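Asks: sequence and predicted structure are below.
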Amino acid sequence: MQHVQTLIGHYNYFITIFLMVSGLYIVIARGNMIKKLVGLALFQTSVYLLYIEPGKIIGGTAPILDPAFKVYSNPLPHVLILTAIVVGVATLALGLAIVARIHEAYGTIEEDEIFAREAQE
Amino acid sequence: MKLDLILRIGVKFLLPFILLFALYVQFHGELGPGGGFQAGVITAGMVILYAIIFGVDAAKRIAPQRMVEFMVPLGVLIYAGTGVAGLLLGKNFLDYSVLAHDPPHGRELGIFLVELGVLITVSGTMTALFYAFSERGR
Amino acid sequence: MVLLTLLAAVTIGVVRTRNLFGVVVLAGIYSFLMASVLIVLDAVDVAMTEAAVGAGVSTVLLLATLHLTKSMEYPKPRKAYLPLFVAIGTGAAIVWGTYSLPHFGTPDNVIHKHVVPRYLQDSIKETMVPNVVTSVLADYRGYDTLGETTVIFTAGIGVLLLLKGRRRRRVDEPGEGGAT
């Protein structure tokens, strides 16, 4: 019984880890570069969820101080994840710029074709 | 009658409200959710929406490329300048409590200036990224 | 939670779709669902940022790159069992790790005890700002935010260096590009 209760309480964490695993799978198993970058963004977003979930207090409210509320959810993960989201979009922009330049240099964005072309030269 | 007439008129109505919302989010970041990053991205989104509907050249007339590229380092300068101002007035780097007549007001003023710097950098960078990507495709 | 199950379904869609435009649209839907989940978890600032950045700027940049690289679909990938094995192995290890996490939503978590009560109590007294996330971000941890603004600045400069300047024809100069 204790085991089942733990499982139900941890359902959120299981879904988060499923998202993380599928993001990782896209990055290492697909060859198209834009899809890899989307998979990376998926992976990063699941990590944000993993950080914020333990901070929530059931019955608490958003961490904006007000005399009417007594219990607040933990604001510290919010601060760190705010920084992480913006850094993530900066990385995505740089990655997409590099993909555009790779396409200009090689004519394709498939990883296999680029490796084949490099092996020929 | 062009087919995208509804889009054009609708967007022309919406754009001032988007800008107003961005400024609201920026200045009420202390009393509610919000702050510099969200306001910067919403402002850049307004310029991008205008560029999508009316063309990049029209957008470059209201947000010139030189000005946007100038905004990118200006925000970091404002942020670091606030920090150095604390240093020059006798205390540590990024200590805002010396910027006004008593420490809580000083810190509130420091937070305001810092969020302004973040707004300028984020909106400038997102708009400059969009301009760069669209220039390459010509 | 229903939203999380929807998120998982959208993720399966992203893995299996081969049309890149569909992948970008599904990524936008994913960001929007993620923002809703974050609101339920009481993270309102983070939800606003994730919605604006993920479903806004991120989608626009992906679509711009799709236009630049003129790609719409990619061929069927070969069956890859080693990556699947690695991914599932990593997932199992992390699941085993989360067993020792405390129950979801309990107020006597360890992370609520260290430095957060001080932030929650003193934020109005010391900074007169009710939004604790803003005061921690800009005042108590202002150094990190300075680093983050510098990262955005660096990424902007990097993209401008990569993408400005005239587009070279591939026949004349192979691989050598750059600004003016």
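Replies: Thanks, I have it.

Asks: how much space is there between C:Gly97 and B:Tyr96?
Replies: 40 Å (C-beta to C-beta, to the nearest Å). Yep, even glycine has a C-beta here, placed from its N, CA and C like the rest.

Asks: more neighbours: which of the two?
Replies: B:Tyr96 (27 against 11; other C-beta atoms under 10 Å in any protein chain shown).

Asks: just give the nearest non-adjacent residue to that one, would you?
Replies: Counting by C-beta to C-beta, 6 or more residues apart in numbering or on different chains, B:Tyr96 lies nearest to B:Gly110, which is 2.5 Å off, once chain neighbours are set aside.

Asks: sketch out the low-pLDDT regions of the chain for me.
Replies: Defaulting to chain A. Across chain A, the ranges flagged by pLDDT under 70 are A:1-9.

Asks: not what I meant, chain C
Replies: For chain C, the stretches with pLDDT under 70 are C:75-78, C:105-111, C:166-180.

Asks: any chance you could map the helices in it?
Replies: Ranges of helices within chain C are C:2-16, C:20-40, C:44-52, C:59-69, C:81-98, C:116-127, C:132-135, C:142-163, based on DSSP state H.

Asks: name the stretch among these that sits most buried.
Replies: Comparing those by mean neighbour count (mean count of other C-beta atoms under 10 Å in any protein chain shown), helix C:132-135 ranks first with a mean of 28.

Asks: thinking again about what came up before, could you dump the helices of chain C to a markdown table with distance to chain A?
Replies: Listed next are the helices of chain C as a markdown table, based on distance: least, C-beta to the nearest C-beta, whole Å:
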| stretch | distance to chain A |
| --- | --- |
| helix C:2-16 | 4 |
| helix C:20-40 | 5 |
| helix C:44-52 | 5 |
| helix C:59-69 | 4 |
| helix C:81-98 | 4 |
| helix C:116-127 | 6 |
| helix C:132-135 | 4 |
| helix C:142-163 | 3 |
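
Asks: can you list those helices in TSV and add distance to B:Leu87?
Replies: Output for these, formatted as TSV (distance: least, C-beta to C-beta, whole Å):
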stretch	distance to B:Leu87
helix C:2-16	46
helix C:20-40	37
helix C:44-52	29
helix C:59-69	37
helix C:81-98	43
helix C:116-127	19
helix C:132-135	21
helix C:142-163	13
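
Asks: helix/strand/coil for residue 17?
Replies: Using chain A here. Look at A:Ile17: counting by DSSP: H, G, I helix; E, B strand; the rest coil, its state is helix.

Asks: tell me which residues touch it, please.
Replies: Taking C-beta atoms under 8 Å, 6 or more residues apart in numbering or on different chains, we find A:Ile17 in contact with A:46, A:50, C:91, C:94-95, C:98.

Asks: near chain B, list only the ones from those.
Replies: Cross-checking these against chain B (C-beta under 8 Å from any C-beta of the partner chain) gives no overlapping residues.

Asks: looking at those residues, which one is closest to C:Leu7?
Replies: Proximity of the contacts of A:Ile17 to C:Leu7 (C-beta to C-beta) peaks at A:Ser46, which lies at 8.9 Å.

Asks: check contacts around the residue nearest to that closest one when sequence neighbours are not counted.
Replies: Excluding the flanking residues, the one nearest A:Ser46 by C-beta to C-beta, 6+ apart is A:Leu19, at 3.7 Å. The contact partners of A:Leu19, by C-beta under 8 Å, 6+ apart, come to A:42-43, A:45-46, A:49, C:7-8, C:11.

Asks: swap the cut-off to 7 Å and go again
Replies: Contact partners of A:Leu19, counting by C-beta atoms under 7 Å, 6 or more residues apart in numbering or on different chains, are A:42, A:46, C:7-8, C:11.

Asks: hmm, which two among the residues you listed are most spread apart?
Replies: So for these, where distance means C-beta to C-beta, the most widely separated pair is A:Leu42 and C:Ala8, at 11.4 Å.

Asks: what angle separates the longest helix anywhere in chain A from helix C:142-163?
Replies: As assigned by DSSP H, the longest helix anywhere in chain A is helix A:76-106. Helix A:76-106 and helix C:142-163 are oriented at 10 degrees to each other (axes from the mean of the first three to the mean of the last three C-alpha atoms, to 10 degrees).

Asks: flag every buried residue along helix A:76-106.
Replies: Applying a neighbour-count criterion of 16 or more other C-beta atoms under 10 Å in any protein chain shown, the buried positions in helix A:76-106 are A:76-104, A:106.

Asks: what helices or strands is it leaning on?
Replies: Using 3 or more C-beta pairs under 7 Å, 6 or more residues apart in numbering or on different chains; DSSP states H and E, the elements in contact with helix A:76-106 are helix A:33-52, helix C:44-52, helix C:59-69, helix C:142-163.

Asks: A:Ile15: which of those is closest?
Replies: Smallest distance to A:Ile15 across those (C-beta to C-beta): 8.4 Å, for helix A:33-52.

Asks: what's the angle from the closest one to helix C:44-52?
Replies: Using the same axes, to 10 degrees: helix A:33-52 against helix C:44-52 is 170 degrees.

Asks: what's helix A:33-52 packed up against?
Replies: helix A:11-29, helix A:76-106, helix C:2-16, helix C:20-40, helix C:59-69.

Asks: okay, now A:Leu40: neighbour count?
Replies: 18.

Asks: could I get the contacting residues of it?
Replies: By C-beta under 7 Å, 6+ apart, the residues touching A:Leu40 are A:23, A:27.
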